[in-house]
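Q: I'd like to go over a predicted model; first the sequence, then the structure.
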Amino acid sequence: MDFSFSEEQAVLRETIIRFALKEINPLVEGDHFAREAWAKCGEMQLMGLPFSEEHGGCGVDFLSTALGIYALGYACRDAGLVHAVVTQILCGLQIRQFGTEEQKKKYLPDLCSGRRIFAQAITEAGSGSDALAMRTQARWEGGAFLLNGSKMFISNGPLADVVIVFAVTNPEARTLGGISCLIVEKEFPGFERCRAMEKMGLKSLQNGELVFEDTPVPAENLLGREGQGAIIFNESMEWERSLLPASHLGTLERIFETCARHARERNAFGQPIGKFQSVAHKIAEMKMNLELGKLILFKSASMKEQKKRAPLEASIGKLFISESLKKACLDAVQIHGGYGYMCEYGIERDLRDSIASTIYSGTSEVQKNIIARLIGL
Amino acid sequence: MAFRDVIRSFIVSDLMGGGAGEPPKDSDLLIEEGIIDSFGIMALLGFLEEKFAIHISGDELLPENFASIESISSLVDRKTELRTEA
């Protein structure tokens, strides 16, 4: 068991950190989606990390992709942009594993370069955690799937050029055989992208409702086989619960470093505040969770790289890292006192951003349900 | 123990809560009868791949391959035969 990075992985990490600090952070002022920063991420091939050079990607392995996202989460101040990049990669992973050669050739190059923005649409107004209880339907009629329904809170949705939509294609079948995946392009008739919704955090990430009214989707835009949607969803969740926590772990590392530095430099009652146990223990806990988070994250990413199933490891990692991040952000505000509460220092923004990490991709409560089921309870 | 008995034993112990009910028969429709749901598929896939040292690829992740103990067993048969030939 080797816990060190390879030379290539260390270079990848350093390169992405340098890139984010120098090229991205100056472009991500405010709460809006920074198109220019997105384009730069595309030029840097961040969205193309795990995809083959043939399809416009970098061809790095999944563990290195997770390391790259970890580096981006560490250095990039805009967690919403990082989330948008990860969403793009996740859509590509679905197309790579389940798509036809034609679909890969058609979509992956634009996905890798960021020329087109991708989204995946699962959640609906009436089905969040119970994702497969969806009502959006696609019925085969006149040589195409006619898509009807709406999706809610979709990341990248209001900007999306291409959306992977999960819909019921066989209402008679149970969820395992009755749901399919369709690739919908923004030009398809009857497809409307609604405006981005205001959120508590991750403000630059564009989330919104997508509406489909008799939207015709040609047969060649079926992703995978008809009825394979629930299985694609499960596969996708394993990748998602490895890559999103990778970005959170990077943020946790940055917060730990910021707090440790502050605790050494800030004095009160004649000594650095880090000398007070109430402060030191909070920072020690951040370090402990950071190191433990690395172990479970790199384990699940390594298992995925070896083409193994990792639903248990991915759920444990997602739960542990997101809850650790939220706790660290709260503690960081407390450690920084009044400065932590002021917007200009960015710590309160990290806290607002972190809260969503325990909700999307399955809430912490759902992760515990999954873990319980996977250990046979 | 034959593949199908190993698979049945896992389904009873891990997906049916320890065997309070009647064990499913080879041809019982696991998905249609609600014995396996989307969580169950995840657990079953991990079990099959580890127990039989096989890899089930994206093309094979089809509901019909997991419809019954019979069909799961056929899938494992095919995969282990391929491994032996290789």
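A: Looks like it arrived, so ask away.
Q: Nearest the geometric middle of chain B, what residue?
A: Centre of chain B computed as the mean C-alpha position; nearest residue by Cα atoms, centre = their mean is B:Ile72, 4.4 Å away.
Q: so is it in a helix, a strand, or just coil?
A: Under DSSP: H, G, I helix; E, B strand; the rest coil, the three-state class of B:Ile72 is helix.
Q: That one: what's it in contact with?
A: Residues near B:Ile72 by Cβ atoms under 8 Å, 6 or more residues apart in numbering or on different chains: B:4, B:7, B:44, B:48, B:65-66. To be clear about C-beta, it is placed using only N, CA and C from the backbone, and glycine gets the same treatment.
Q: just A:Gln137 next, same as before
A: Neighbours of A:Gln137 in contact, by Cβ under 8 Å, 6+ apart: A:147-149, A:167-169, A:171.
Q: What is the nearest of the contacts of B:Ile72 to A:Gly99?
A: When the contacts of B:Ile72 are ranked by distance to A:Gly99 (Cβ to Cβ), B:Asn65 comes first, at 19.5 Å.
Q: List, one by one, the residues from chain B near chain A.
A: Within chain B, the positions near chain A by Cβ under 8 Å from any Cβ of the partner chain are B:13-14, B:18, B:31-32, B:34, B:36-43, B:45-46, B:49, B:55, B:58, B:61-64, B:66.
Q: residue ranges of the helices in the stretch 251-377 of chain A, please?
A: According to DSSP state H, counting those that start in this stretch, the stretch 251-377 of chain A carries its helices in the segments A:277-305, A:311-336, A:338-341, A:347-357, A:364-374.
Q: which other helices and strands contact the fourth one?
A: In this case it means helix A:347-357. Counting by 3 or more Cβ pairs under 8 Å, 6 or more residues apart in numbering or on different chains; DSSP states H and E, the packing neighbours recorded for helix A:347-357 are helix A:79-98, helix A:229-265, helix A:311-336, helix A:338-341.
Q: mean confidence score for the first one?
A: Put plainly, it is helix A:79-98. Over the span of helix A:79-98, the pLDDT mean works out to 97.
Q: Name the nearest of the contacts of B:Ile72 relative to A:Ala284.
A: For these, the residue nearest A:Ala284 by Cβ to Cβ is B:Leu44; the value is 41.0 Å.
Q: can you confirm that closest one is in a helix?
A: Yes: assignment of B:Leu44 by three-state DSSP places it within a helix.
Q: wait, which of the helices of the stretch 251-377 of chain A is closest to A:Gly92?
A: helix A:277-305 (14.4 Å).
Q: Which strands and helices lie in contact with that closest one?
A: If you count contacts as 3+ Cβ pairs under 8 Å, 6+ apart, helix A:277-305 packs onto helix A:62-75, helix A:229-265, helix A:311-336.
Q: A:Asp161 - nearest residue in space that isn't next to it in sequence?
A: Closest residue to A:Asp161 in three dimensions, ignoring its sequence neighbours and counting by Cβ to Cβ, 6 or more residues apart in numbering or on different chains: A:Arg116, at 3.9 Å.
Q: likewise B:Asp14?
A: Nearest to B:Asp14 is A:Gly376, by Cβ to Cβ, 6+ apart, at 4.1 Å.
Q: Read off the pLDDT value for the one you found.
A: As summarised for this prediction, A:Gly376 has a pLDDT of 78.
Q: go on, B:Glu50?
A: According to the per-residue confidence, B:Glu50 scores 87 in pLDDT.
Q: burial measure for it, as a count.
A: 11 (other Cβ atoms under 10 Å in any protein chain shown).
Q: so it sits in a helix?
A: Yes: read with three-state DSSP, B:Glu50 is one of the residues of a helix.
Q: any idea how far it is from A:Leu377?
A: Taking Cβ to Cβ, to the nearest Å as the measure, B:Glu50 falls 19 Å from A:Leu377.
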